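Enquirer: I'd like to go over a predicted model; first the sequence, then the structure.
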Amino acid sequence: MANLILTCGPACENDDLLLRMAGIATGFRLNVAHLSVEKLTVWLDRLQILRRQSGRNFSIVLDLQGAKVRIGRYPAVASLPEQVVLFHGVESECIDRIPVPAESVFKQTSPGDQLVLNDRKVILQVISKTDESLLAKVVQNGALSSGKGLNSPDRVFELARATENDRQAIECSRARANVAYAVSFIADGNESEIFRPLVGDSHLIAKIEQRQAMLNLAQIDAKFDELWLCRGDLGAEAGLKELGRLQQQFVAELPGLQKPALIAGEVLGSMVASAFPSRAEIVQLYDCCQAGFAGLVLSDETACGSQVAAVIDFLEYWFDK
């Protein structure tokens, strides 16, 4: 397991931390959903400088929204009130009103349905609906902030598409060297017909985040350059009880895949707050290495955690960097 994709964010903006990360990373991930074009450009410029400073031509991976539904601009909160209203919109300053830009959520959701947000940290049950709003009670409380994902155990809300934000991100990065693009919520591989014309010969990554994709891995493998098993949204969409079985199913398919596959989703999740990984994470990481995964993707661990230096220390130790 040699590929290490580390996500950029507020926690690693320090120059010294970034330089240390560049010493071990084969790629840096930028989540387009959380960045304006202006902020994305700043990061692209900074990573280009970091390549020269470190002497390493790491890839820059732009994580595109694709079919993934996210909430709009919303205050960062540690928990929600007992009831909330989801409304068709892009911004809210009130914590009891959650903006959802995707009209499909309101068309496809009914009273009694569950909605999960932020990789299942928040679970809502819909009480009632209008054409452009949903009243829901909070059945599992947790943190929420702008741009977090919204899923349902029963459906995928959006068809494959390139959002305007995706198109702008691709346009402002196409002239850069060694830029790859990861597409969210791949279903059957045909999404490549949407994104390949936009990215040309650039490396195109399929994020495996829904159950349907597990039935089409061979076709996805044929049409993309790399696969990521993303357990955050996969667990939110399929349900936590299914997640272990789905990972086992993916592992069984690994020997037949022609393209490299990486593991993502709380790989070292405890290190968002802790200086050391859990024993379970260490055993899981060992199992993934043995199973044939070509690498791993870290998200919150380096983007917004409080222990980025400790994460780097552990990766240097584990991979003998």
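Expert: The structure has been received and is ready for your questions. Given the structure is predicted, the values throughout are model-derived calculations rather than measurements.

Enquirer: Return the residues in contact with residue 224.
Expert: Residue 224 sits next to 183, 186, 189, 192, 204, 205, 206, 259 when contact means Cβ atoms under 8 Å, 6 or more residues apart in numbering. Any C-beta I mention is one placed from the backbone N, CA and C, and that applies to glycine too.

Enquirer: Quick check: the fifth one vs residue 303, distance?
Expert: With the distance defined as Cβ to Cβ, to the nearest Å, residue 204 ends up 22 Å from residue 303.

Enquirer: Residue 299 against residue 8, yeah?
Expert: No. At 10.4 Å, residue 299 and residue 8 do not qualify as touching, with contact defined as Cβ atoms under 8 Å.

Enquirer: Quick check: neighbours shared by those two?
Expert: When contacts are counted by Cβ under 8 Å, 6+ apart, the set common to residue 299 and residue 8 consists of residue 29.

Enquirer: Show me which of the contacts of residue 224 are buried.
Expert: Using 16 or more other Cβ atoms under 10 Å as the burial test, the contacts of residue 224 include 183, 186, 189, 192, 204, 205, 206 as buried.

Enquirer: so of the residues you listed, which ones are in strands?
Expert: Counting by DSSP state E, the members of the buried ones among the contacts of residue 224 that fall within strands are 183, 204, 205, 206.

Enquirer: what about residue 211, distance to residue 199?
Expert: With the distance defined as Cβ to Cβ, residue 211 ends up 26 Å from residue 199.

Enquirer: Those two - which one has more neighbours?
Expert: Using other Cβ atoms under 10 Å as the criterion, residue 211 and residue 199 rank with residue 199 on top: 20 against 17.

Enquirer: any idea which helix or strand comes after the helix or strand bottoming out on mean pLDDT in the chain?
Expert: Of the helices and strands making up the chain, the lowest-confidence element is helix 231-238, at a mean of 90, by mean pLDDT, DSSP states H and E. Tracing the chain past helix 231-238, the next element assigned as helix or strand by DSSP states H and E is helix 240-253.

Enquirer: Flag every buried residue along that following helix.
Expert: Buried positions in helix 240-253, judged by neighbour count with 16+ other Cβ under 10 Å: 242, 243, 246, 247, 250, 251.

Enquirer: picking that back up, from the rest of the structure, what touches the least confident helix or strand of the chain?
Expert: Contacts of helix 231-238 (Cβ under 8 Å, 6+ apart): 68, 116, 119-120, 149, 151-153, 156, 184-185, 207-211, 242-243, 246-247, 263-266, 299.

Enquirer: Take these and keep only those in helices.
Expert: 211, 242, 243, 246, 247 (DSSP state H).

Enquirer: what stretches of the stretch 201-321 of the chain score poorly on pLDDT?
Expert: Counting by pLDDT under 70, the ranges of the stretch 201-321 of the chain that qualify are 321.

Enquirer: redo that, cut-off 50
Expert: Using pLDDT under 50 as the threshold, the predicted model of the stretch 201-321 of the chain has no low-confidence range.

Enquirer: residues in contact with the helix or strand harbouring residue 197?
Expert: Counting by DSSP H and E, the element that carries residue 197 is helix 192-199. Residues external to helix 192-199 that are found in contact with it (Cβ under 8 Å, 6+ apart): 64, 66, 160-162, 166-167, 170, 174, 181, 183, 204, 206, 223-224.
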